[in-house]
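J.: following is a predicted model, sequence given first.
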Amino acid sequence: MQIFLDTADVSEISSRLEAGLVDGVTTNPSLIVKAGADIFEAITQICALVDGPISAEVVATQAEGMIEEGKKLRAIADNVVVKLPLTAQGLIACRALSDEGIPTNVTLCFSVNQALLAAKAGATFVSPFVGRIEDMGGDGIGLLEDIRRVYDHYGYMTQILAASLRSMAHVEAAAMVGCDAATIPPQIFDGLVKHPLTDKGLEAFLNDWAKTGRNGLK
Ligand code: G3P
């Protein structure tokens, strides 16, 4: 499963690249505002840092404006993915951009029907919002599972990008149901490696090794 960081904060990204675990980045207008960044500057910097897909979202609400903004964002770098809302206008823009070979991420997906339409419009990624579905008492992970089943059934190539993930359990579940990618807030990304038994086990190994009196493996 590809792991994307869900942030527009360049320092949050650059400090997490060393192990080569970050496959891409997703941003949205709220994250750009939160980072206090200019969208064009932020996306330019992020694209230079990370080789993989970098989602940058349009703010127009009509297809024509979305297409224009999408092309402007795409002109920043070859790894920009144009993020579009899952509306009727967004799907028109998705089809137009896809037909021109521009990758797209159709976001704010809350149902199987929406995901089906995104795939039919040629979306590269669809982003179901797990946390926000749970906020409403729904089954966000169940939605990921259902979309996986439908896409596999018809052979759609649109990649399922689990979004609005708010816990490590969400990330694990997204992987278990076969999502192609998950976008994760940096703090949750940091938590993925942690397990108390790893810390405890390592401490015991090192304590035992210290009894040999050897300095490391020298
Ligand atoms: O990737 C979408 C994400 O940024 C939304 O997350 O927690 O605001 O629902 P959240």
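T.: Thanks, I have the structure now.
J.: and the closest residue in space to T27 that isn't next to it in sequence, which helix or strand is it part of?
T.: Sequence neighbours aside, A8 is the residue nearest to T27 in space, at 4.2 Å (criterion: CB to CB, 6 or more residues apart in numbering). From N, CA and C alone the C-beta is placed, and that goes for glycine too. Using DSSP states H and E, A8 falls within no helix or strand.
J.: so G65 sits against K72, correct?
T.: No: the criterion here is CB atoms under 8 Å, and G65 misses it with K72 at 10.5 Å.
J.: how near is the spatially most central residue of the chain to F4?
T.: Against the mean C-alpha coordinate of the chain, by CA atoms, centre = their mean, the closest residue is T183 at 2.7 Å. To F4, T183 is 4 Å away according to CB to CB, to the nearest Å.
J.: what about the strands in this structure?
T.: Counting by DSSP state E, the chain has these strands, from start to end: 2-6, 24-26, 54-57, 80-85, 104-109, 125-128, 159-162, 181-184.
J.: make TSV out of those and add distance to the ligand.
T.: Compiled in TSV, the strands of the chain are given as follows (distance: least, CB to the nearest ligand atom, whole Å):
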stretch	distance to the ligand
strand 2-6	5
strand 24-26	5
strand 54-57	8
strand 80-85	9
strand 104-109	7
strand 125-128	6
strand 159-162	8
strand 181-184	5
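J.: follow-up on the earlier one: isn't the residue nearest to the centre of the chain up against D23?
T.: No: using CB under 8 Å, T183 is not in contact with D23, being 10.0 Å away.
J.: who's in contact with stretch 90-98?
T.: 58, 63, 66-67, 70-71, 74, 82, 84, 104, 106, 117-118, 121-124 (CB atoms under 8 Å, 6 or more residues apart in numbering).
J.: what of stretch 125-140?
T.: For stretch 125-140, contacts defined as CB under 8 Å, 6+ apart pick out 26, 53, 55, 81, 83, 86, 103-110, 114-115, 118-119, 141, 143-144, 147, 158-166, 170, 174, 180-181, 183.
J.: list the contacts for P53?
T.: Counting by CB under 8 Å, 6+ apart, P53 makes contact with 4, 23-25, 79, 81, 103, 105, 124-125.
J.: in the residues you listed, which residue is surrounded by the most others?
T.: Among these, N105 has the most neighbours (other CB atoms under 10 Å), with 30 neighbours.
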